[in-house]
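Peer 1: Whatever this is, show me its structure:
(2 chains)
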Amino acid sequence: MMIKWIGAILIVAGCGGFGLMIASAHRKETVMLKKLIAALDYMECELQFRMSALPDLCRQTASECDGALRQVFALLSQELEDQISPDVKRCMGSVLAKSKDLPLQTYQMLELLGSNLGRFDLNGQLRGLESVRQECRLRLNKLMNNADVRLRSYQTLGLCAGAALVILLM
Amino acid sequence: MRCQWQEFINLLPGWMRQPVDEHGAQQLQELHLRMDEPPQLILKNQSIWLNKPVRGEDLRFCINAATKYSPWTAGSIQHGYITAPGGHRIGLCGECSFDGQTLKNIAPVTSLCMRVARDFYGISADTWKEQGSVLIIGPPGSGKTTFLRDLIRQISNHGKGAVTVLDERRELFPCSAGKFFFERGKQTDVLSGGRKQTMICCALQTMSPSVIALDEITAAEDCAALLEAAWCGVQLIATAHAGSKEELYARKTYEPLVSQGIFDTLITMRTDKTWQKEGFCL
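Peer 2: Predicted structure coming up:
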């Protein structure tokens, strides 16, 4: 009997934990997208007023960010300095391949950023940044839409699914 | 002879570096890259072609290597060229898009003409002794810029006074992080990257030059800038595109300069890199 109860508690805790994990990933995605938008704001500002070259711009942006984004921009700056790939898109591709713990949407936005960097004229480059930022905002709005209710639902659903499983098994 | 050869090699995609280095380290003048065609190396007396055709990504690599993946930082791209580290010039061809009069983009780029910048000491011989203004003419690739660079250095080192160089294309004395790739002389100040007309005013007002040197008078506004600087007690040295004296006189753009007699000495460069000096008379 004791083993049954321990098993039941573990199932409920496991399913509840899964729900919490989804909710936490959701929160992490939101935070990362907000940070990426802030980084894009910074890049736009630097480009407009200092016309920095991309390796310098990425290095400066890295120093303004923290966590995974700092690592991405620092690696990108290094990749650009090394001049191995023919364009920025491929440089970003090889950087993203090394950055494993990025949330999916942030990963996709960084991919988009890679294909938007390296435009010919400054205005074109600024417009490229703006389009990435716009896409980030859209995705962030989707994530934030009823976020509290949804996050609570994930957690509750996890616990409920665990409880249901226990009842079925017992 | 001095050349930032390694800087040039660094501009090329990996597969092209070794053959170009092998054939061209001493005498490459221009490297032509045309989409889907093999690279053409123009050496001193001959042309050779490599085996493999050039792809779009090779062209993109060269442009990105020259601009650190930031073409917008090269203001000259609006004029269809980039000056790469080491002073090497890359001319671009492809489908252009314009915003009014301004070139906004060249995409796709289909051809590149990469000209190697080389510096020869003493080729201007005793031209530095000339008292009046000097105009250097010659067809493309005849060595006008190289001659001008040496002349500037000679004038500067022989104590004829301060020389202010207006280096719009950053080709005469390319510089990176404050370090010049070519020796410029003891009394040479270099103002680079701006429009000639603006820079001439700055130079006259602020640098107290005895000599003003500028490369490639190509447009009417360049002539206007020179006319502004003439008769200010400053010796002028400039280069212009014309195959001969007759061609110079025939070109409408240069008419104001010719008719007003700004220059005293004319140096004519030839494609075989020889040159001749003569008085400039109307």
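
Peer 1: Three-state assignment for the residue nearest the centre of chain A, please.
Peer 2: Nearest to the geometric centre of chain A sits A:Thr106, at 2.8 Å (CA atoms, centre = their mean). A:Thr106 falls in the helix class when you classify it by DSSP: H, G, I helix; E, B strand; the rest coil.

Peer 1: B:Leu166 too?
Peer 2: Look at B:Leu166: counting by three-state DSSP, its state is strand.

Peer 1: what lines up beside the longest strand along chain B in the sheet?
Peer 2: Criterion DSSP state E: the longest strand present in chain B is strand B:102-115. Strand B:102-115 has the following strand partners under DSSP bridges: strand B:30-34 (antiparallel), strand B:89-99 (antiparallel).

Peer 1: re the thing from before, just the element for the closest residue to the residue nearest to the centre of chain A other than its chain neighbours, please.
Peer 2: For A:Thr106, ignoring the flanking residues on the chain, the nearest one in space by CB to CB, 6 or more residues apart in numbering or on different chains is A:Met32 at 4.3 Å. Where you see a C-beta, it was placed from the backbone N, CA and C, and this is true even at glycine. Element membership for A:Met32 (DSSP states H and E) is helix A:2-50.

Peer 1: that older thread, any idea how far A:Leu96 is from the residue nearest to the centre of chain A?
Peer 2: For A:Thr106, the distance to A:Leu96 (CB to CB, to the nearest Å) stands at 10 Å.

Peer 1: Which neighbours do these two have in common?
Peer 2: With CB atoms under 8 Å, 6 or more residues apart in numbering or on different chains applied, the contact sets of A:Thr106 and A:Leu96 do not overlap.

Peer 1: separation between B:Arg170 and A:Ile3?
Peer 2: 80 Å.

Peer 1: between the two, who's got more neighbours?
Peer 2: B:Arg170 (22 against 7; other CB atoms under 10 Å in any protein chain shown).

Peer 1: Quick check: phi and psi on residue 63?
Peer 2: This is for chain A. phi -70, psi -20 (degrees, to the nearest 10).

Peer 1: try again with chain B
Peer 2: phi -60, psi -40.

Peer 1: count of neighbours near B:Ala213?
Peer 2: B:Ala213 has 27 nearby residues by other CB under 10 Å.

Peer 1: Hmm, B:Ala162 and it touching each other?
Peer 2: No: using CB atoms under 8 Å, B:Ala213 is not in contact with B:Ala162; the gap is 11.1 Å.

Peer 1: Quickly list what's touching both of those two.
Peer 2: With CB under 8 Å, 6+ apart as the test, B:Ala213 and B:Ala162 reach no residue in common.

Peer 1: Could you tell me the angle between the helix or strand of chain A with the lowest mean pLDDT and helix A:2-50?
Peer 2: Least confident helix or strand of chain A, by mean pLDDT, DSSP states H and E, is helix A:147-169 with a mean of 82. Helix A:147-169 runs at 160 degrees relative to helix A:2-50, counting by axes from the mean of the first three to the mean of the last three CA atoms, to 10 degrees.

Peer 1: Pick out the residue in the stretch 101-250 of chain B sitting closest to chain A.
Peer 2: Nearest residue of the stretch 101-250 of chain B to chain A: B:Asn105, at 4.5 Å (CB to the nearest CB).

Peer 1: That residue contacts B:Ser97, correct?
Peer 2: Yes: using CB under 8 Å, B:Asn105 is in contact with B:Ser97, at 4.7 Å.

Peer 1: hang on, the earlier thing: reformat the strands paired with strand B:102-115 as JSON lines; add distance to A:Ala68.
Peer 2: Formatted as JSON lines, the strands paired with strand B:102-115 follow (distance: least, CB to CB, whole Å):
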{"stretch": "strand B:30-34", "distance to A:Ala68": "38"}
{"stretch": "strand B:89-99", "distance to A:Ala68": "37"}
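
Peer 1: Contacts only, for B:Glu7.
Peer 2: B:Ala84, B:Pro85, B:Gly86, B:His88, B:Phe181.

Peer 1: you'd agree it is in a strand?
Peer 2: No: B:Glu7: not assigned to a strand; according to three-state DSSP it is helix.

Peer 1: which parts of chain A sit against chain B?
Peer 2: A:51-55, A:57, A:80-81, A:83, A:85-88, A:91, A:117-125 (CB under 8 Å from any CB of the partner chain).

Peer 1: ok, the residue lying closest to B:Ala242 once chain neighbours are set aside - contacts?
Peer 2: Leaving aside its sequence neighbours, B:Ala242 sits nearest to B:Leu248 (CB to CB, 6+ apart; 3.9 Å). Going by CB under 8 Å, 6+ apart, B:Leu248 touches B:Leu135, B:Ile137, B:Ala240, B:Ala242, B:Tyr254, B:Val258, B:Leu266.
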